[in-house]
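Asks: using only what follows, build the 3D model:
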Amino acid sequence: MDKLSLFGLLIALAGIVGGQMLEGGGVAILFQLAAFLIVFGGTLGAVMLQSPRKVFVNGLRLGKWAFFTPQFQAQKQISQLSVWSHVARKDGLLKLEDQLGLAKDQFSRKGLQLLVDGNSGQKIREVLEVDLHAYEQFNFQSARVWESAAGYSPTIGILGAVLGLVHVMQSLGDPSKLGAGIAVAFISTIYGVGLANLVFLPIAGKLKMIILHQTTLREMMIDGLVMIANGENTRYIELKLQGYIS
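Replies: Residues are numbered from 1 along each chain as shown. The predicted structure is shown next:
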């Protein structure tokens with residue numbers, strides 16, 4: 001679990017709640033179910049309307065990366081490519097077929113299979129760069145789901161405020177209902193702006209950074225496989241790939 005993300009969210013919430021308490025306000029007033037339903041439901045519906053189904057579902061799936069970040073295992077990948085290079089130089093490319101089961105992801109298996117099939121380094125690069133581009137574009141579109149939510153959320157919060165004020169105007173004859181209506185009006189705005197700036201935008205930004213890291217790993221895999229196909233020395237491959245880590 002990414003403790004920095006969790007601590008950051010907790011600090012942000014503590015700052016807001018603490019400031020409310022220091023000003024003499026109660027914490028309970030911040031919890032308005034009607035305001036939450038207006039903002040969250042409206043934002044969710046707007047994002048679903050905008051996004052293709054696959055992009056929306058993948059965006060939700062990637063959201064967990066903000067707190068359970070995939071490890072950037074570049075060193076392990078370099079070690080794996082070094083093993084493949086050693087096997088290829090010692091026993092030939094066909095012997096790498098025994099390594100297919102050890103490849104951890106589909107991208108690596110596809111690249112290794114292209115290598116086993118005797119394709120040139122240029123052909124391997126051409127095929128895998130198409131996959132890399134598709135992966136990067138699809139995941140960036142998925143990350144933008146959270147950016148879209150950040151764009152809609154404050155506006156939906158204002159809509160909730162207007163609805164709350166309408167409710168207040170309808171209840172002018174009953175002063176006991178005025179407080180609840182005004183609370184929904186202002187709390188809706190807080191929810192809209194708060195969710196956008198404390199949750200949706202930070203998650204979108206972190207997802208983009210993680211996707212860039214994952215893209216870098218795949219670029220490193222492509223370079224390694226191309227060098228193996230070109231018969232480069234194993235030590236040279238290791239030294240060149242170390243540049244991705246630094």
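
Asks: show me the contacts for Gln73.
Replies: Contact analysis of Gln73 by Cβ atoms under 8 Å, 6 or more residues apart in numbering lists Leu217. C-beta here means a position set from N, CA and C on the backbone, and glycine is covered the same way.

Asks: phi and psi next, for it.
Replies: Main-chain dihedrals, Gln73, degrees, to the nearest 10: phi -90, psi 60.

Asks: by mean pLDDT, flag the weakest helix or strand of the chain.
Replies: Ranked by mean pLDDT, DSSP states H and E, the helix or strand of the chain with the weakest confidence is helix 178-195, at a mean of 80.

Asks: next, the buried residues of the following helix or strand past it.
Replies: Moving toward the C-terminus from helix 178-195, the next helix or strand (DSSP states H and E) is helix 201-229. Across helix 201-229, burial judged by 16 or more other Cβ atoms under 10 Å covers 201-204, 206-208, 210-211, 214-215, 217-218, 220-229.

Asks: for helix 201-229, give the mean pLDDT please.
Replies: Averaged across helix 201-229, the pLDDT comes to 94.

Asks: so which elements touch it?
Replies: When contacts are defined as 3 or more Cβ pairs under 8 Å, 6 or more residues apart in numbering; DSSP states H and E, helix 201-229 packs onto helix 3-22, helix 74-91, helix 106-116, helix 121-170, helix 234-245.

Asks: relative to Gly194, which of those helices is closest?
Replies: Among those, helix 3-22 comes nearest to Gly194, with 7.1 Å by Cβ to Cβ.

Asks: chain center to the helix or strand just after that closest one: distance?
Replies: Heading C-terminal from helix 3-22, the first helix or strand you meet, by DSSP H and E, is helix 33-50. On the basis of Cα atoms, centre = their mean, to the nearest Å, helix 33-50 sits 20 Å off its chain's mean C-alpha point.

Asks: what of stretch 29-49?
Replies: Taking mean C-alpha positions (Cα atoms, centre = their mean), stretch 29-49 and its chain are 22 Å apart.

Asks: Thr216 and Tyr244 touch, don't they?
Replies: Yes: counting by Cβ atoms under 8 Å, Tyr244 is a contact partner of Thr216 at 6.2 Å.

Asks: which one of the helices and strands packed on helix 201-229 lies nearest to Gln50?
Replies: Distance to Gln50, taken as Cβ to Cβ, is lowest for helix 121-170 among these, at 5.8 Å.

Asks: and Glu232, helix, strand or coil?
Replies: coil (DSSP: H, G, I helix; E, B strand; the rest coil).

Asks: between Thr216 and Tyr244, what contacts are shared?
Replies: Joint contacts of Thr216 and Tyr244 (Cβ under 8 Å, 6+ apart) are Ala74.

Asks: below-threshold pLDDT in the protein: ranges please.
Replies: Within the chain, the set of residues satisfying pLDDT under 70 comprises 25, 171-181, 183-184, 246.

Asks: and Ala88, what is it in contact with?
Replies: For Ala88, the contacting residues are 95-96, 115, 228, 231, by Cβ under 8 Å, 6+ apart.

Asks: same thing with Ala143?
Replies: Applying Cβ under 8 Å, 6+ apart to Ala143 gives the contacts 59, 62, 204, 207-208, 211.

Asks: alright, calling it a day.
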